[in-house]
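Peer 1: this is the structure alone, sequence omitted:
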């Protein structure tokens with residue numbers, strides 16, 4: 001399953017990125033990572049990654065999530081994940097990333113946690 005992204009900007013500094021497909025090594029992951037980096041460079045300081053339609057993440061996908069967290073922290077921004085599947089939640093727990101990547105049930109909860117209207 002190929003990875004697709006859609007981006008919703010919520011002025012002034014918030015973005016919700018919806019990912020659809022497997023977060024796995026390959027060109028599609030690089031393109032998604034590039035889009036996310038671009039948002040950070042454009043000044044997005046609050047970001048939600050909606051993983052509701054992501055059934056599987058490999059180590060490269062996990063690396064992209066950790067890298068995104070690092071970018072956001074460098075800019076004093078906030079990142080939240082939402083809608084993670086059982087498989088993704090298990091991977092986050094096994095790698096202890098669940099302690100540094102906050103996970104919410106859905107985008108509404110993530111936006112509320114970020115203090116964004118939406």
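Peer 2: Structure's in. What do you need? What you see is a predicted model; the values in this text were computed from it and never measured.

Peer 1: what about the strands in this protein?
Peer 2: In the chain, the strands defined using DSSP state E lie at 4-10, 14-20, 46-53, 78-82, 103-104.

Peer 1: adjacent strands (with direction) for the third one?
Peer 2: Each strand paired with strand 46-53, and its direction, by DSSP bridges: strand 14-20 (parallel), strand 78-82 (parallel).

Peer 1: is it correct that residue 5 is in contact with residue 32?
Peer 2: Yes. Residue 5 lies in contact with residue 32 (C-beta atoms under 8 Å); the separation is 4.9 Å. Bear in mind the C-beta positions are built from the backbone N, C-alpha and C, glycine included.

Peer 1: shared neighbours, those two?
Peer 2: 17, 19 (C-beta atoms under 8 Å, 6 or more residues apart in numbering).

Peer 1: who has more neighbours, those two?
Peer 2: Shown here are residue 5 and residue 32; by other C-beta atoms under 10 Å, residue 32 has more neighbours (21 against 18).

Peer 1: hang on, the earlier thing: and among the strands paired with strand 46-53, the most buried is which?
Peer 2: strand 78-82 (a mean of 23; mean count of other C-beta atoms under 10 Å).

Peer 1: ok, residues contacting it?
Peer 2: Residues contacting strand 78-82 (C-beta under 8 Å, 6+ apart): 45-52, 65, 68-69, 72, 101-107, 109-110, 113-114.

Peer 1: what of stretch 18-37?
Peer 2: 1-8, 17, 47, 49-62, 64-65, 67-68, 71.

Peer 1: one more time with 10 Å, if that's ok
Peer 2: Stretch 18-37 has contacts (C-beta atoms under 10 Å, 6 or more residues apart in numbering) with 1-8, 15, 17, 44, 47-65, 67-68, 71-72, 79, 81-83, 88, 107.

Peer 1: and that stretch, average pLDDT?
Peer 2: Mean per-residue pLDDT for stretch 18-37: 96.

Peer 1: please apply the same query to stretch 47-66.
Peer 2: Here the average pLDDT along stretch 47-66 is 97.

Peer 1: please apply the same query to stretch 94-102.
Peer 2: The model assigns stretch 94-102 a mean pLDDT of 95.
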